[in-house]
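Enquirer: how would this look folded up:
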Amino acid sequence: MTQQSVFLPPDIHQYILDNSLREPPILTRLRDETAKLTHGHYQIAPEEGQLLTLVLELLRARRTLDIGTFTGYSAMIAALAIPPEGKVVACDVSVEWTDVARRYWEEAGVADKIDLRLAPASDTLAALVGEGAAGSFDFALIDADKELYPSYYEQALTLVRPGGVIAIDNTLWRGTVVDPAATKPKTETFRSFNAFVHADERVTQVMLPLGDGLTLARKRP
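Expert: Okay, here's the model as predicted:
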């Protein structure tokens, strides 16, 4: 099934959905279709998407980065939240998954707001810096190759403006970050990455038990 917040009891999770979630029907249909895919668990939780919508509105975001687009749910959330002249730069390598995204973006009328770049995200982000886009984005979501989170974070910090926000998904990694017996490379990556962001004086940050762990980091002026 589509991912929900891992650390919430089912009854509390359902209560949050019933009393907080305001999800357009097209986003619900995209979640439902994504849930049927082999990798459907890659989908962010709907309550996580609701929080990101609020963050985007508070920022009055116009330019956003979607690093790891999958079937397009988070990119569509951003596209719906930004003004007509806004732009989402979406990074992914899968034609199969982003073909699903394109269908829904077209139906939602936001395809013209989304610049999908099919290439390794690190290459796309480096190209944006090379194009002179440093400091021009209001928001970035990191949800791609976990081992590359440290480099994505640094590239996002370069591209996001002072006062902008970087959202980082999966930072609790199904709770394995607190299990001494868990020593797989991705778990170790998250442990060291989380410690780094915690100590990073360039940002104000908070880690939330939403989805599979969500860290928000505001770039300090």
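Enquirer: what is the mean pLDDT for whatever helix or strand residue 154 lives in?
Expert: Element membership for residue 154 (DSSP states H and E) is helix 149-159. Helix 149-159 carries an average pLDDT of 98.
Enquirer: For that helix, buried residues please.
Expert: Neighbour counts using 16 or more other CB atoms under 10 Å place 149, 152-153, 155-159 of helix 149-159 among the buried residues. Backbone N, C-alpha and C define where each C-beta goes, glycine included.
Enquirer: just checking, what packs against that helix?
Expert: strand 63-67, helix 121-130, strand 137-142, strand 160-169, helix 185-199 (3 or more CB pairs under 8 Å, 6 or more residues apart in numbering; DSSP states H and E).
Enquirer: In this structure, which residue is most central in space?
Expert: residue 141 (3.4 Å; CA atoms, centre = their mean).
Enquirer: I'd say that one and residue 70 touch.
Expert: No. The pair residue 141 / residue 70 is not scored as a contact, 11.1 Å apart, by CB atoms under 8 Å.
Enquirer: Buried residues of the helix or strand containing residue 12, list them for me.
Expert: Per DSSP H and E, residue 12 falls inside helix 10-20. Buried positions in helix 10-20, judged by neighbour count with 16+ other CB under 10 Å: 13, 16-17.
Enquirer: Would you list the phi and psi of the residue sitting furthest away from the middle of the chain?
Expert: For the chain, the residue at maximal distance from the C-alpha centroid (CA atoms, centre = their mean) is residue 181, at 28.2 Å. The phi/psi pair for residue 181 (degrees, to the nearest 10) reads phi -80, psi -10.
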